[in-house]
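Undergrad: Sequence first, predicted coordinates after that:
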Amino acid sequence: MPCQALVVDYGGTLTGPDFCPELGQRLVSPGAAAVLWTLHGFRVPLALGSNNRPGQSRRKALQAAGVLDLFAAVIESQEVGVSKPDPAFYRRVTDALGLPAAEIAMVGNNLLTDVTAPLACGFGEAFLIRPEGQLREGEDLPERGYVIDSISRLPALFRRPQ
């Protein structure tokens with residue numbers, strides 16, 4: 001994988017089925033947390049790139065899962081005033097990571113906001129999570145876009161620690 005950093009979506013990417021009324025959102029799944037720890041061990045810079053509603057803090061959910069400190073940046077739409085798929089959102093991501101877009105990969109469960117739009121903004125690669133491991137009827141995957149069946153596939157795609 002040529003990309004040096006990874007931007008992760010929140011809902012449907014890091015989350016499991018458990019909903020926390022106090023946080024107003026689903027919680028980070030233990031499996032996703034384990035993947036984040038593995039990637040952190042590989043020294044892969046991580047950023048969260050998430051649309052969210054007013055009053056909803058992804059930071060609180062990441063903190064509750066014990067993974068907030070693994071992220072070099074947390075970009076939330078309500079905080080930065082622009083949402084995915086607006087190109088300005090992805091510029092905020094590249095600025096926060098301090099890397100050229102071509103060195104950043106994105107992973108998420110939405111074809112438009114997590115794959116097509118970041119690739120159009122110059123991201124190096126993008127991974128679409130689909131539990132069935134394939135596109136749905138009528139969907140097209142752009143060049144440098146890949147379908148994976150689980151976030152657990154990501155560590156094998158990044159370099160191992162030296």
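TA: Perfect, thanks for sending it.
Undergrad: So for the helix or strand harbouring Leu36, what gets flagged as buried?
TA: According to DSSP states H and E, Leu36 maps onto helix 30-41. For helix 30-41, a neighbour-count test (16 or more other C-beta atoms under 10 Å) marks 32-33, 35-36, 39-40 as buried. (Each C-beta comes from the backbone N, C-alpha and C, glycine too.)
Undergrad: Run the chain-centre distance for the helix or strand that contains Gln63.
TA: Assigned by DSSP H and E, Gln63 belongs to helix 58-64. From the chain centre to the centre of helix 58-64 is a distance of 14 Å (C-alpha atoms, centre = their mean, to the nearest Å).
Undergrad: Now the element after that helix, going C-ward?
TA: Following helix 58-64 in sequence, per DSSP H and E, is strand 71-76.
Undergrad: Okay, now the sheet partners of that next one, with direction.
TA: Sheet pairing for strand 71-76, assigned by DSSP bridges, gives strand 46-50 (parallel).
Undergrad: rewinding a little: just give me the closest of the buried residues of helix 30-41 to Gly138.
TA: Nearest to Gly138 among the buried residues of helix 30-41 is Ala32, at 28.0 Å by C-beta to C-beta.
Undergrad: show me what contacts that closest one?
TA: 13-16, 151 (C-beta atoms under 8 Å, 6 or more residues apart in numbering).
Undergrad: Give me the residue ranges of this protein where confidence is low.
TA: 1-2, 159-162 (pLDDT under 70).
Undergrad: would you list every one of the strands in it?
TA: 5-8, 15-20, 25-28, 46-50, 71-76, 104-108, 125-129, 145-148 (DSSP state E).
Undergrad: Tyr10 - nearest residue in space that isn't next to it in sequence?
TA: Ser50 (3.9 Å; C-beta to C-beta, 6 or more residues apart in numbering).
Undergrad: Show me what Val7 bridges to in the sheet.
TA: Under DSSP bridges, the beta-bridge partners of Val7 are Ala47, Met106.
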